[in-house]
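No letters, just coordinates:
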Ligand SMILES: [Zn+2]
């Protein structure tokens, strides 16, 4: 395995977006690194790489965490509302059987993509899984190709500094 692909952790951390902005960008369907490109291609399908900065997003491992978090959140929101409404008002059964499942479904589907985006932002910020490789440098005049040859070309410059 090429050692150039794994730079020292401090180099990678310096070019990364911090945790909260990275998670917020993911929550809003934006690339955690640059905030420009879109994170999702389809509903829950993550794009292979950012169209704006070239960050590879294929290695993310959100797995089951987003659904766990959504179940936790929706369960507490809907559970609280059911308890408050059913204890305080005389609601007809047909209304309860219509509103609560519908609200649960809408909240679950509405939160799943943003929560998954935030989880991917968290993995990016901590350099977990596929994000262990240093992200592309932002604001550089030329766009990096991300090829091994590009990094090898940079090495003598770092040595002279
Ligand atoms: Zn990006």
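Everything's here; your move. Because the structure is predicted, anything quoted here is derived from the model rather than measured.

Looking at this protein, which helix is longest?
Taking DSSP state H as the criterion, the chain has its longest helix at helix 93-125.

That one - contacts with which helices or strands?
helix 19-27, helix 65-88 (3 or more Cβ pairs under 8 Å, 6 or more residues apart in numbering; DSSP states H and E). For the C-beta atoms, the positions are set from N, CA and C on the backbone; glycine is no exception.

how about that helix: buried residues?
By neighbour count on 16 or more other Cβ atoms under 10 Å, the buried set for helix 93-125 is 100, 104, 107-108, 111-125.

Give the rounded mean pLDDT of it.
For helix 93-125, the mean pLDDT works out to 96.

export the helices and strands packed on helix 93-125 to a markdown table and tack on distance to residue 33, mean neighbour count and mean pLDDT?
Formatted as a markdown table, the helices and strands packed on helix 93-125 follow (distance: least, Cβ to Cβ, whole Å; neighbours: other Cβ atoms under 10 Å; pLDDT from 0 to 100):
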| stretch | distance to residue 33 | mean neighbour count | mean pLDDT |
| --- | --- | --- | --- |
| helix 19-27 | 8 | 20 | 95 |
| helix 65-88 | 20 | 14 | 96 |
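
ok, the residue nearest the centre of the chain - contacts?
What sits nearest the mean C-alpha location of the chain, by Cα atoms, centre = their mean, is residue 120, with 2.7 Å. Residues near residue 120 by Cβ atoms under 8 Å, 6 or more residues apart in numbering: 26, 32, 39, 46, 57, 60, 62.

Among the helices and strands packed on helix 93-125, which comes closest to residue 50?
Closest to residue 50 of those is helix 19-27 (Cβ to Cβ; 10.7 Å).

The closest one and the ion, are they touching?
No - for helix 19-27, no contact with the ion is found by Cβ under 5 Å from the ion; the gap never falls below 8.9 Å.

relative orientation of that helix and helix 93-125 in degrees?
Going by axes from the mean of the first three to the mean of the last three Cα atoms, to 10 degrees, helix 19-27 is angled at 130 degrees with respect to helix 93-125.
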